[in-house]
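Engineer: My questions are about this predicted structure, shown below with the sequence.
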Amino acid sequence: MRLLATLFPAVLAACAPWERIPGDGYADLEGPLWDPAAVAAADGAYIRLPAAGALVVARPDGSWAPVDLNGAAPVRLIGTPDGARVLAVSTWPICALDDEEIVLVDDCPGEELSEGVELNVVQDGRVVDVFPHRGHLNRQTFTPDGKTLVQWHDGSRGYDVAQDGITDLTEVVFQPLDGGQRRAVSLGVPTQGVIFTQDQSKAVVLSVSQAVLVDLASFEIDATFPLVTDPDVRIAPQDAVLSPDGSQVIVAMQGRPELYKIDLTTFSIDIEDLDAVPADLAVVPDADRTFIGYDGLARVDVLDHAIDELTDQIAVDDPMGGLLVGEGRVVGWNRQGGSRDIVKLDTATGKVTEYPADRAVTALSLAGGGRYALGLLGGQPVDLAGGALAAGGADGLVVVDLDEGTRATSLTLSSAPVALETVSDDAGGGFALLLLDGVESLLQIDLATPSFAVEVELPAPPVRLTSLPDGTFVVLHDEAFGLVSFLSPGATEVGKEVASGFATMNLLSERALPRRGED
Amino acid sequence: MRSVHPVWTILALLAPMGCGSADYAMSMEDGGAYDTANFGAPPADGADGGGGGDFADTGDDGLGSEDENDFLSLRPASTRTYVFVANATRGTVTRIAVPSLAVLTAEVGVDPHVVLTSGDYTHAAVFNRGSDTVSLVDSESLAVRTVAVRPNLNQMVMSPDGQWVACFYDRDAADEGDASNGGTQSFNEVSLVRVADGAHFPMVVGFNPRQIQFTADAETAVVVSDAYLAIVDLTAEVPAPQRVQISTDTVDPPAAEEVLLSPDGRYALVRQFGATTLAVVELATGVVSRVDVGENPTDLDVTPDGSQAVAVARGAAELWIYDLTDPFLTPEVVALPDSEVWGSVVMSPDGTKGLLYSTQSGRGVYGVWDRTAADPSAAVTVFGLEKPVQRLAVSPDGGVALVFHDRGDTGASSDSPLRGAYGLTLIDLADFFPNPIRLPAEPTTFTQTADGRTGFFIMDGEPLVVRLDYDTLLPYDIALRSVPVHIGVLPETRILYASQEHDLGRLSFYDTDRGTLQTITGFELNSGITY
C-alpha cells in the first residue's frame, strides 16, 4: 500500500455518517486509510482502518461491514488457528476529567488523556468477548487446540501500545479464549518462543539461557531447565521442535553449532554437537527422525530418535537451510538463494533426488498436500509465508511434481512477484495465484500443468494476497479507499466478489470519547 | 629413582580374583588383585611397585625401580547401579545410572581428583585436591557432606567395607596439579576420614607414604612409607598410628616400595628397593622379621589364589615364592635366564603362567614362566618384541597379553614399524603370536570387558577410543566427538563409557555387542534443573 498524504474532499464521502464535518470541508490525513495486511477468517477478510480507528470485515460476496469495538481502535489483528475468529488488540481513549462538556477526544487536555488496551475477540463480524491486554505483549502463539492464546514480549519489536507503570517484560500470559482465568507466569528472562507438549497439557517456554515447563492446567512451573552453567553466558533459542514421541524438545540456538535436547520425561538435557549452525529443523514422525539443514554446510544431518543419536549425514551439492516436510519426504532448498537445486530426501530410503531450476531458488513452499514444490527464482530471498514479497526479489517461478515429476518446470515472469498464495484440493491437486509487480492481473497456475498459466484480470493493481479457510483467494488491491477481490480456486475471472470503499468509513468524523460513564 | 610417567595411567594388570563385580570394570586400571597386596580384598589403591627413593647400598643394580603401574587420577568408581565420574575442571561428580544411563551431577570441591565407591554401594567418596576436602556423596540422593582434610595431599584410598577413606601425598603420583597451596607442608601425613560421621583423624605415619593397605576385615590400615610401617587400628575410638621402623639402618635405610598383607591379616610383607631381604611385620605386635629374597627385589605379587607371594629378585635373576600362610617357611626359588633383566611379573588369572619383563632394561623381550613345566629349569621361555615393555597387562581370561611400548627407540630394531611411535603389541597367550600396532599418541587409560574378549584404551589428545578384539587381535578405532579423559566398562555389561572434555560434560557409551555409540552432552546442566 502506498503511503500517501491524502487530501479528501468531504463531499466525496457523503455516504458516511458524518457527525462533525470540518468547517471548511477538508481535512489532511497522514498515512494509508486501510491496512492490506488483512486477517482472513471463515466469514471474510478483516481489515484495519488506521485513519478511522475502525475494523471492517470484507466478505466474499462483495459486501463489507464495520465491526463495533465499542469505540476502540484496532492496533493489531491476530487470526486464530481454526480460522473462526480474529483477535484485535485495540485501544480506546480515556479522559481522566469527568466533565460533561468533554465529548470529543480533542476536548480532553493532553495530560488528562490516556489509553485503555484490550483484546477483542471477533467472530462473524461482531465482538463476542473482550479480554484485558497489556501493550508490551507483542508476540503470540496458540495452544495446539487453538483454545488458549499465549503471549509474551519480544524485545526485538516495539510495544503495540505504550505501557504505563511497571511492566514485567519476562511474563508469559495464557489467555483462554473460551472462558477461564487469564494467567501470567513470570520467568525472569526474555521469552524467545513457546512450544507445546503432544498432549497439550504443558507448554515449554524457551527463553534466553533457560527453558521452563508450564502446566497448562495449573499454570504452575513444573520444571526449569538452565541452558548454561555460567550466568555470564547467554544463549538464545532460535528454533524448536518436539520429537515425534513428544518426550523431547529439540532446540537450535542462535549462532551455536549444536542442538539442545530437553527431555521432558527424565528432566535432563543432552546436547548434540553439529558441524555448523543449524538453519532449519524438520521433524518426520513416520520416520521417527529429525532432519537438520544448514546455511553454511552442504549436508543434511539426521537425528534418529529411536537411538537418540545423530546417525546419517546426507551429502547434498549445496547447503539446504530450508527444509519442508511432505509425506515420506523432506524437501530442501538453499534459503540463501545460492542454489538452483530443489532437493527431495526420501525419509525411508535416504535417497536424494535433485530438481535443478533455471535460476537460484529464493523461496520454496509445498502445495497440493505436499505433492508439489513451488518456488520463486532469482534475486534476493523473499518471504513465501503469505505475506508481501520484496519487489524485485525474484522473477521466476518453479514447480516440481514430487510424486511423479522427473524435472522442475521453471517459468519466467514478466516482473517480480508481489505475492504468492496456494490452495490445495482434496485430490492432491492445487492452484497457485501469483501477483506480479506493476501488473494489473494475476497468474493462476494449476500445479498439475504449471506451464499453462491463466491470466486473471483484476480491477486494480494487487498489493497482497491471502486466502480464506475454504480456499477462496483474497486479493487486496492498491486502492486508497479500499478494494478487496475474492476469487474461487480455479476461477479465471473476478466477478462481483469485490468489496470496495470501506476505507472511507468514519473518515472525517471527529472521534468521540467512548465509554464515558462506564466503570 | 623410579622413572615416573605422569600421564601414563595404564596400570599393569589383571582381573582381580577377590574384587566385587562393581570394581571389576576398573581392575585393569588399578592394578588388579594379582598385582596388589591385599589378598581377598579389593585393592585399596593402585600404587603397586614403583617407588625409588633413596638407594641403599645393598643390591642396587643401577637400573632403578621397575615402573609397574601408576595411579589413575580421576578414575571412575562404580557401584552396582551407578558409576561415578569426577569432573576435575568443573568441580563436580557425575553419577551414571546403569542400565538406564541417566546422568546426574553433584557439586563437590575444587579439582576432584579421585572418586571411590563404598563396598555396600551406598556412597561415593571424592577427594578434592584443590580444596583439600573429601566429599562424601550419597549414591541415591547425591547429597554431599564435605570434610576438610590436611592440605597438599594427592591421593585417596578406601577401606574394603567403605567405612574409611585415607588421603595422603604420594610422591610417585605427583603431577602439576599437586601445586602446594602455600603454608607449611609435611610429607609424612595421612588424613583418615570415617565415612559414617565424617570424623577426620590426621596423623603422621612416616616420610613419604607410598601405599596404604587394609586388612580384609577392614579393622586395620597399614601405611608403608620410606622407612616405616604405620599400623592403624580402625576399631579404636580415636585411630592412631603404631609406627614400626622397617629397617635397622637408621641412617640410610633402603626405601620401602611395596607392602602385601597376608589374607588373614597377620603379616605385612614389605619390599624395599635394593634390599636382599623382605621385611615381615607381625601386625598384632609390630615385630619385624626378615626373610631372604635374593638380590634387589623389584616386584612383589600375590598369586591369583592368594596362597603365595612371588618376588622378582632382579639382581639375582630369580623368582622367590613364599607361602603366605607362613612366610617364614623356606621359599621356592626359580632361576630366570640370566641373558636378560627381569624386574616384574604378571600372573595369568589361572596362575599357571607368569609373564616376566622389565621396564628398565631397554630390551624388547618378555618371558613366559610356565608353572606347570616338568623341568623348572626350563620353565621360562623368552620372546622378542618390537620394542621394550613400558606396561604389560593380561586379559581377564588370560588369553591375551597387552604390551605397551614407549615412543623412544632404545631397544627397537632399525626397521621396526613402531620406531618413533608409541606402540602396543597384542600377544595370543595360546601360541604367543604377536600383533604389534603403531599408535598415534601415548595411551592414557585402559580397560576391558569382564568376559575377557574386548579391551579398550584411549590416547593423549586423540578423540577416539580403540577397541581391541582379543579373539582376532585386531584394533578398531571408535571416533568420539571430543578427547576422552577416562574410560571404563559399566558393571556387568559390555558397555564402555568414555568421559570426554566438554564444558558442560560429555559421556559416550559404546555397546560392544551392537557396535553402537551413544553420546550425551551437557549433563552438567542437569544438576541445575528444578522440578
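Structural biologist: Thanks, I have it.
Engineer: part of a strand, is B:A268?
Structural biologist: Yes: counting by DSSP: H, G, I helix; E, B strand; the rest coil, B:A268 falls inside a strand.
Engineer: Would you confirm that it contacts B:L229?
Structural biologist: Yes: in this structure, B:A268 is within contact of B:L229 by Cβ atoms under 8 Å, at 6.1 Å. Using the backbone N, CA and C atoms, a C-beta is placed for each residue, glycine as well.
Engineer: which neighbours do the two share?
Structural biologist: Residues touching both B:A268 and B:L229 (Cβ atoms under 8 Å, 6 or more residues apart in numbering or on different chains) are B:222, B:259, B:281.
Engineer: Number of residues surrounding B:L504?
Structural biologist: 21 (other Cβ atoms under 10 Å in any protein chain shown).
Engineer: residues in contact with it?
Structural biologist: Neighbours of B:L504 in contact, by Cβ under 8 Å, 6+ apart: A:229, A:271, B:521-525.
Engineer: what's the distance between B:S377 and A:A367?
Structural biologist: 90 Å (Cβ to Cβ, to the nearest Å).
Engineer: Point out the residues in the stretch 151-300 of chain A that sit beside chain B.
Structural biologist: Proximity of the stretch 151-300 of chain A to chain B (Cβ under 8 Å from any Cβ of the partner chain) is limited to residues A:213, A:222-229, A:258, A:260, A:266-273.
Engineer: which ones among these are found in strands?
Structural biologist: Using DSSP state E, the members of these that fall in strands are A:213, A:222-226, A:258, A:260, A:268-273.
Engineer: OK, now which residue of the stretch 51-200 of chain B is nearest to chain A?
Structural biologist: Using Cβ to the nearest Cβ, the closest approach of the stretch 51-200 of chain B to chain A is made by B:A102 at 6.0 Å.
Engineer: Grab the nearest non-local neighbour of the closest residue to chain B within the stretch 101-250 of chain A.
Structural biologist: Here the residue of the stretch 101-250 of chain A nearest chain B is A:A223; by Cβ to the nearest Cβ that distance is 3.6 Å. Of all residues not flanking A:A223 in the chain, B:Y531 sits nearest, at 3.6 Å (Cβ to Cβ, 6 or more residues apart in numbering or on different chains).
Engineer: same check, this time on B:L439
Structural biologist: B:Y422 (4.1 Å).
Engineer: Residue ranges in the chain under the pLDDT threshold?
Structural biologist: Answering for chain A, as no chain was given. Within chain A, the stretches with pLDDT under 70 are A:1-27, A:162-164, A:379-394, A:496, A:508, A:519.
Engineer: actually it's chain B I care about, not the one you picked
Structural biologist: For chain B (pLDDT under 70), the answer is B:1-63, B:65-80, B:176-185.
Engineer: Enumerate the residues of it near chain A.
Structural biologist: Counting by Cβ under 8 Å from any Cβ, chain B sits next to chain A at B:90, B:102-104, B:481-482, B:503-504, B:516-526, B:528-531.
Engineer: Give me the buried subset of those.
Structural biologist: For the residues of chain B next to chain A, a neighbour count by 16 or more other Cβ atoms under 10 Å in any protein chain shown gives the buried set as B:90, B:102-104, B:481, B:504, B:517-526, B:528-529.
Engineer: residues contacting the residue of the stretch 251-400 of chain A found nearest chain B?
Structural biologist: Here the residue of the stretch 251-400 of chain A nearest chain B is A:I271; by Cβ to the nearest Cβ that distance is 3.7 Å. By Cβ under 8 Å, 6+ apart, the residues touching A:I271 are A:258-261, B:504, B:521-522.
Engineer: nearest to A:H153, of those residues?
Structural biologist: Set against A:H153, the nearest of the contacts of A:I271 by Cβ to Cβ is A:Y260 (22.7 Å).
Engineer: and the nearest residue to the closest one once chain neighbours are set aside, what element?
Structural biologist: Leaving aside its sequence neighbours, A:Y260 sits nearest to A:V251 (Cβ to Cβ, 6+ apart; 4.4 Å). In this assignment (DSSP states H and E), A:V251 forms part of strand A:248-253.
Engineer: Also A:V150?
Structural biologist: strand A:148-152.
Engineer: secondary structure class for B:N526?
Structural biologist: Applying three-state DSSP: B:N526 is helix.
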